[in-house]
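>>> Turn this into a model:
(2 chains)
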Amino acid sequence: MAVGLPENVFMTTVNAAASWCRKNSLWPMPFATACCGIELMATASSRYDLARFGAEVMRFSPRQCDLMIVAGRVVMKMMPVLQRIWLQMPEPKWCISMGACACSGGVFDTYAVVQGVDRFIPVDMYVPGCPPRPEQLIQAIMDLQNKIQQTGTLNGTEFDTRTQPTGPQPFDREEMWRIEDAALQSKVGGFGV
Amino acid sequence: MTEIQHSAVLLLSEQFGFDASAWSRNRDNVRVRVDSERVFEVLKCLKTLGGFDMLVDITGVDELEYPNATDRFRVVYCLLNTSTGERLIVLTYVNDPQPTLPSAYPLWKGADWMEREVFDMFGITFTGHPDLRRILMPEEFTEYPLRKDYPLRGRGERHNFPVITRAES
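Below you'll find the predicted structure:
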């Protein structure tokens, strides 16, 4: 015999309920180091209105945040700071890599600029663009909300399986070639073919 | 303006016996070349007698691959006389190994961070500087990145960090 439910009661799982709460109240940590930060500010402003997605409360303390938005290039002097801030954020937490520089170094392929923050911290969403428009960032936040709803658990056990780094190796093949070339050039001089 | 700018060169020729090859002009840009041994005296003379009370900038150039270059590093001092508006550029040259210049800090306090930047980027040491440390690159950095024999993409320093996976953070 089926039990009739009143209309104001619905059935769900604890995981889905927790994820639903979390995805609709993301608190971003604006790690804005360059011009992408301006677009990030525009996204939070009244014209694009990030508050529609429950993510308008920018906090400058990592202790109060659960979404890190890395907006802009990260140099080697900033990388330890970024890692420390990421580690200071309480669970559950997510990371958006916003813009070409944060994703891959962009045009700044130089001695000081890290070629993508995903080499050193785990990234959930990548936003391409130089800089991305606010709509693109909003799309990334909506995709992240979908991801949280679909994979989220109450205890955050979905993070425990991510034991392998998802980005490129810090010293991938091309970077090793560059280092080798530099060592060779200092011995025999520049390319001359 | 032309007369005034000549006056700085005239002053130097009176004080130090400059010859015509030691200065040049490009539009409103008067440049004076001095030996690195005499650069402090020249700057002091320009400040006290020439009225150049502001040091606008100190920067460096690595002439490693310049055609016809005779010296390795050029160091450029940009001076400004704030009462007359005249400007003067003082060039000096230093060489490997251990390129060294006297610090301009006793004359202009603003030389402090500019000389630290030149030291950081080119490895030119300034004797008499109160606190000659790296200013832009991290303390543990060992190279001088604006030297022409340093590769543009570095020697792997930019990726020398631990990798944090999601499970352990």
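
>>> Which residues of chain A lie near chain B?
Residues of chain A lying near chain B by CB under 8 Å from any CB of the partner chain: A:75-77, A:79-80, A:83, A:86-87, A:109-115, A:119-122, A:159-166, A:170-171, A:175, A:178-179, A:181-183, A:185-186. All C-beta atoms are positioned from the backbone trio N, CA, C, and that covers glycine.

>>> Quick check on the residues you listed: which are buried?
Among those, the ones that count as buried by 16 or more other CB atoms under 10 Å in any protein chain shown are A:75-76, A:79, A:83, A:86, A:110-115, A:119-122, A:159, A:165, A:170, A:175, A:178-179, A:182.

>>> give the contact list for residue 56.
Assuming you mean chain A. A:A44, A:D49, A:L50 (CB atoms under 8 Å, 6 or more residues apart in numbering or on different chains).

>>> ah, no, chain B please
Going by CB under 8 Å, 6+ apart, B:V56 touches B:C78, B:L79, B:L80, B:R87.

>>> for chain A, where's the lowest mean pLDDT among helices and strands?
Every helix and strand in chain A was compared by mean pLDDT, DSSP states H and E; the lowest is helix A:173-188, with a mean of 83.

>>> How far off centre is that one?
31 Å (CA atoms, centre = their mean, to the nearest Å).

>>> Stretch A:32-42 now?
For stretch A:32-42, the distance from its own C-alpha centre to the chain's C-alpha centre is 14 Å (CA atoms, centre = their mean).

>>> residues in contact with it?
Counting contacts by CB under 8 Å, 6+ apart, the residues touching stretch A:32-42 from outside are A:30, A:48, A:69-74, A:78, A:98-99, A:101-102, A:131-134, A:137.

>>> try 7 Å this time
With CB atoms under 7 Å, 6 or more residues apart in numbering or on different chains as the contact definition, stretch A:32-42 has outside contacts at A:30, A:48, A:69, A:71-74, A:78, A:98-99, A:101, A:131-134, A:137.

>>> can you check stretch B:151-160 too?
Contact partners of stretch B:151-160, identified using CB under 7 Å, 6+ apart, comprise A:76, A:109-114, A:119, A:170-171, A:175, A:178-179, A:182, A:185, B:141, B:143.

>>> again with stretch A:11-19
Contacts to stretch A:11-19, defined as CB under 7 Å, 6+ apart, come from residues A:I148, A:Q149, A:G152, A:T153, A:L154.

>>> Now the first one: closest residue in space, sequence neighbours ignored.
Leaving aside its chain neighbours, A:I148 sits nearest to A:K23 (4.1 Å; criterion: CB to CB, 6 or more residues apart in numbering or on different chains).

>>> My guess is that neighbour contacts A:D143. True?
No - here A:K23 does not reach A:D143: they are 10.8 Å apart, not a contact under CB atoms under 7 Å.

>>> So which residues of chain B form helices?
Taking DSSP state H, the helices of chain B run over residues B:2-16, B:39-48, B:111-122.

>>> ok, now chain A?
Using DSSP H, the helices found in chain A span residues A:14-23, A:36-44, A:79-88, A:99-104, A:134-151, A:173-188.

>>> Mind telling me which of the ones you listed the model trusts least?
Ranked on mean pLDDT, the bottom entry among those is helix A:173-188, at a mean of 83.

>>> related to what we said a few turns ago, please tell me how far the residue nearest to A:I148 sits from A:P134.
Between A:K23 and A:P134 the distance, using CB to CB, to the nearest Å, works out to 19 Å.

>>> quick one: which of the two has more around it?
When A:K23 and A:P134 are compared on other CB atoms under 10 Å in any protein chain shown, the one with more neighbours turns out to be A:K23, at 22 against 19.

>>> Check the gap between the more buried one and A:M11 for me.
Using CB to CB, one gets 19 Å for the distance from A:K23 to A:M11.

>>> Any idea which residue of chain A lies closest to chain B?
Of all residues in chain A, A:Y111 sits closest to chain B, at 3.1 Å by CB to the nearest CB.

>>> burial measure for the spatially closest residue to that residue that is not a sequence neighbour, as a count.
Leaving aside its chain neighbours, A:Y111 sits nearest to B:G154 (3.1 Å; criterion: CB to CB, 6+ apart). As a burial measure, B:G154 scores 22 neighbours (other CB under 10 Å).

>>> contacting residues for the residue positioned nearest the centre of chain A?
Nearest to the geometric centre of chain A sits A:I96, at 2.0 Å (CA atoms, centre = their mean). Taking CB under 7 Å, 6+ apart, we find A:I96 in contact with A:L67, A:I69, A:D124, A:M125, A:V127, A:A140, A:L144.

>>> Now do the same for the third one: its pLDDT.
On the pLDDT scale, A:D124 is placed at 93.

>>> Repeat that for B:D96.
On the pLDDT scale, B:D96 gets 85.

>>> can you pull the contacts of it?
Applying CB under 7 Å, 6+ apart, we find B:D96 in contact with B:R72.
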